[in-house]
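Asker: this is a predicted model, with the sequence first.
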Amino acid sequence: MDKTKRIKQLTKLLNKYRDTYYNRGESIISDYDYDNLFDELQKLEEETGIILSNSPTQTVGYEVKSQLEKVKHSHPMLSLGKTKSVNELIKFSNGKDCIISLKMDGLTVLNTYKNGKLIQSETRGDGEEGELITHNAKVFDNLPLQINNTHRFEIEGEAIITKNDFELINSKLSEENKYKNPRNLASGSVRQLDNKIAKERHVKFVAWKIPFGFTHFTEGFNFAQSMGFEIVPYVTYNSKTDDIDKKIEELKAIAEDKSYPIDGLVITYDDVEYGKSLGFTGHHPKHSLAFKFYDEEKSTTLKNIEWTMGKSGTLTPVAVFNDVEIDGTIINRASLHNLSILTNILGTPWVGQKINVFKSNMIIPQISWAEKLSGDFDKDIEKSYIPTPLKCPYCGELVRFKKENDTEEMICTNPNCKGKLLGKLCHAVSKKALNIDGLSEATLQKFIDRGWLQCVGDIYHLPLYKDKISRMEGFGTKSTKKLMENIEKSKDITLDKFISSLSIPLIGTTASKDIAKFCDYDIEKFKLIMGKSPYKFTKIEGFGDKMARSLFDWWSDNIKEFLELERHFRFKKIKNNINVDKLKGQNFVTTGKLHHFANRDALKEKIESLGGKVVGSISSNTSFLINNDVNSTSSKNTKAKKLNIPIISEDDFIKMIGE
C-alpha cells in the first residue's frame, strides 16, 4: 500500500478509536494494538515527512512542534529468552554465580555520556534502531546529566513511572481519561516532544545493564551507583547454596516497597565474559533469561472459524488466525471450546478481526481479547462476517443447540454422521485406548473417504488394503508396514483400554479402569455383568445410576458391534498389586512440564494404579497438586495455595509412593 494512503488510513482509524474511548467510554481495541498502530503511523510520518493536521501523534493534549529522530544503536539491543518455570532459573544457574534482578515494566532506554555529560538518549525501538528522546531524559527525576567520567560511557535501563505516581496522576483525571497502566503511561510520556510532560509525570530511569567495560555485572552496578544512577534491585544467587523461592520473595517485597511496576525477573551470569562466551540464538543472548509472571500476548487477525467434532457429535469452534510466534513456537489455531465462549470472546466474528493470543501455561493457545463491532452500521456492514452454521459441516444435517448451566453447545442430529465416526476413531486409536501410532486424524479421514472405515472394528481390516495404502500420497512401503505392525501390536490389550476405546457416553478413562478392576480385568466377567445388569457397577465408589444407564443403553444398541470388535483382541490380565490401595481416597491434579514421567498420561496411570484419582481442576477435595514449578503463579497454583492444598513436585510424589 502507498505510504501516504496508509498514513491517511491510520489517522482516520486511530481518531475513531480515540473518539470511541474518550467520548463514549468504550474500548474497541486493546492498548497493545492501539500502540502498534500508533507506532506504525509515527514511523510512516517520520519516513515521509507527511503529518496530517488531525494526526493523533500531534493531538495528545498539547502542541507538538516536530517529530522524533531515528538513531541506529551502537550495539544490538536484543530481547531475552523467556520462561515461566522456577526450575528453569535453577537450571540456568547450574552452580554458577548469578544475579537475579527485577524486570522493570516501562520503556527501555539507552543513555550515552561523553566527557562526563549526557549527549544522547534513545529508545530500544526494534533493537537495531530507536528514537532519540534526549530532551525528555534530561528532565527524568533521577537521571544524572553529568558524571565523573571522561570516557564514552553507555548505560541501559528502563524509563518508568512508579505505581504511586501513576495512581496520583489517574486520581486527578475523570474516569474516561484515566490511563490503563504505568507501562503505557511511561512509554507515552518518554516518546513525546514536549519534555514538560515527562517532567510533570515524574519519569524515572532505573539502570539494569552497563554493556561493556566490567568483569562482573555486580561491578558494573557498583560503578553506576557511584556515578549517581539508580540501579535495578537485585540479589545474588547460586543454585548450589541459595533458596530460589526466598530470593524471589525478597525481590517482590523490594518492588512493592519501592512501588516499582514489574512484570517478572531476570537472571544473568555475574561473570560477564562467561556470559558473552555463550553467544546468541537467532533472537536473544544466552547470558540472561527472563522469568515471566504473566503469559506473553501477541496480536494477530482472525481468518476463519472451523468446526471440529468429537465422538459424541458436539461441534467445537476453532479460531484460525495469521501465524504468530509465542514462546518459540508458531501458532495459528486456538480452540474456543463451545458456542458460549465463542460469543463471549469474539462477539460476532469477521475475517480480519483483531485478536490477542497467548499460550496458557506456555502450552495451550488461547484468545484473551478480540476487537468488537463499533456500532457504526455503515462501517460494520462492510465486514466479512463468519456465520454460525445451522447445518453440520460434516454431513449437512441440521444441528441442535443445547444450553445447560449457561453453556451453549451445538450438536449434530445425525446418528450416522461421518464427523462422529472420525471423532470415535480418533479417540479409539489414542494412547488412552488402542494406542495405534500412524493413524492421525488426517489419515483416518482419508480412509473414511475411501469407504474403508465405518466403525472401530474396521481398523483391523485395513491390512486388506495395505497395497493400496502404500501407493497413497504420504505413504510408502516402509510406513505402511510400520502401520500394519502397530495395528497388530494393539491387539494385545488390557480390559480398561478396550473399554475406553468404545466411546461409551459418561465412561471415560478413569471409569474404564474402575470397571476393569471391578471385573478383575476379565473380559468374560465384563460381558456377563453387561448382559445381566450394568447397575452392578454402582457398587464402585463414585459410579452413579446415570453411568450405569448409559452402559445399559450403549450395550443394547451396540452389542453386535462389540462382539465383532472383541474377537480381534488378546486380553492381558493385570497381576494384583500389593500397593493397589496405597493412594486410595486421594485426589491429584497434575500440571506443568514433567521430567521423570514420559507425559501426564503416564503419571495419571501410575496414580490410578495405586488407587488414587486424577481430576482436572483444583477444589477443596483435592489432596495434592503435582507441579514441578512449585512457585508458579498459574491459576492452579494460586488456587491450591488459597485452599491450603499441598503443591508437590514429581520428586516429592516419587518419594511419597516409595519408588
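Answerer: Okay, I see it.

Asker: which residues of the stretch 301-450 of the chain fall in helices?
Answerer: In the stretch 301-450 of the chain, the segments counted as helices under DSSP state H, counting those that start in this stretch are 339-346, 377-380, 418-428, 441-449.

Asker: how far away is the closest residue to residue 269 other than its chain neighbours from residue 206?
Answerer: Closest residue to residue 269 in three dimensions, ignoring its sequence neighbours and counting by Cβ to Cβ, 6 or more residues apart in numbering: residue 275, at 4.2 Å. Placement of C-beta: from N, CA and C, glycine included. Using Cβ to Cβ, to the nearest Å, we find residue 275 at a distance of 21 Å from residue 206.

Asker: same thing with residue 396?
Answerer: Counting by Cβ to Cβ, the gap from residue 396 to residue 206 is 62 Å.

Asker: looking at those two, which is more packed in?
Answerer: residue 206 (23 against 11; other Cβ atoms under 10 Å).

Asker: quick check, that one in contact with residue 234.
Answerer: No - contact criterion Cβ atoms under 8 Å: residue 206 and residue 234 do not qualify, at 11.1 Å.

Asker: still on that earlier bit, please identify the most buried of the helices of the stretch 301-450 of the chain.
Answerer: With neighbours defined as mean count of other Cβ atoms under 10 Å, the helices of the stretch 301-450 of the chain peak in mean count at helix 418-428, which reaches a mean of 22.

Asker: that one - contacts with which helices or strands?
Answerer: Under the contact definition 3 or more Cβ pairs under 8 Å, 6 or more residues apart in numbering; DSSP states H and E, helix 418-428 sits against strand 297-309, helix 441-449.

Asker: those: which one's closest to residue 164?
Answerer: With Cβ to Cβ as the measure, strand 297-309 is the member of the helices and strands packed on helix 418-428 nearest residue 164 (26.2 Å).

Asker: now that closest one: buried residues?
Answerer: By neighbour count with 16 or more other Cβ atoms under 10 Å, strand 297-309 contains the buried residues 297-300, 302-303, 305, 307-309.

Asker: could the helices of the stretch 301-450 of the chain be laid out in JSON lines, adding mean pLDDT?
Answerer: Supplementary listing: the helices of the stretch 301-450 of the chain in JSON lines, determined by pLDDT from 0 to 100:
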{"stretch": "helix 339-346", "mean pLDDT": "90"}
{"stretch": "helix 377-380", "mean pLDDT": "66"}
{"stretch": "helix 418-428", "mean pLDDT": "88"}
{"stretch": "helix 441-449", "mean pLDDT": "90"}
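
Asker: got the ones you listed as CSV, with distance to residue 18 columns?
Answerer: Shown next, in CSV, are these (distance: least, Cβ to Cβ, whole Å):
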stretch, distance to residue 18
helix 339-346, 24
helix 377-380, 16
helix 418-428, 46
helix 441-449, 46
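
Asker: which one of the ones you listed lies nearest to residue 570?
Answerer: When the helices of the stretch 301-450 of the chain are compared for distance to residue 570 using Cβ to Cβ, the nearest one is helix 418-428, at 17.2 Å.

Asker: what pLDDT does the residue lying farthest from the centre of the chain get?
Answerer: Of all residues in the chain, the one whose C-alpha sits farthest from the chain's mean C-alpha position, using Cα atoms, centre = their mean, is residue 532 at 48.3 Å. Note for residue 532: predicted pLDDT of 90.

Asker: same question for residue 12.
Answerer: At residue 12 the predicted local distance difference test score is 77.

Asker: how far away is residue 338 from residue 486?
Answerer: Following Cβ to Cβ, the distance that separates residue 338 from residue 486 is 33 Å.

Asker: and the closest residue to residue 461 other than its chain neighbours, how close does it get to residue 523?
Answerer: Here the nearest residue to residue 461 in space, its sequence neighbours aside, is residue 452; by Cβ to Cβ, 6+ apart that works out to 7.5 Å. From residue 452 over to residue 523 the distance is 27 Å, taken as Cβ to Cβ.
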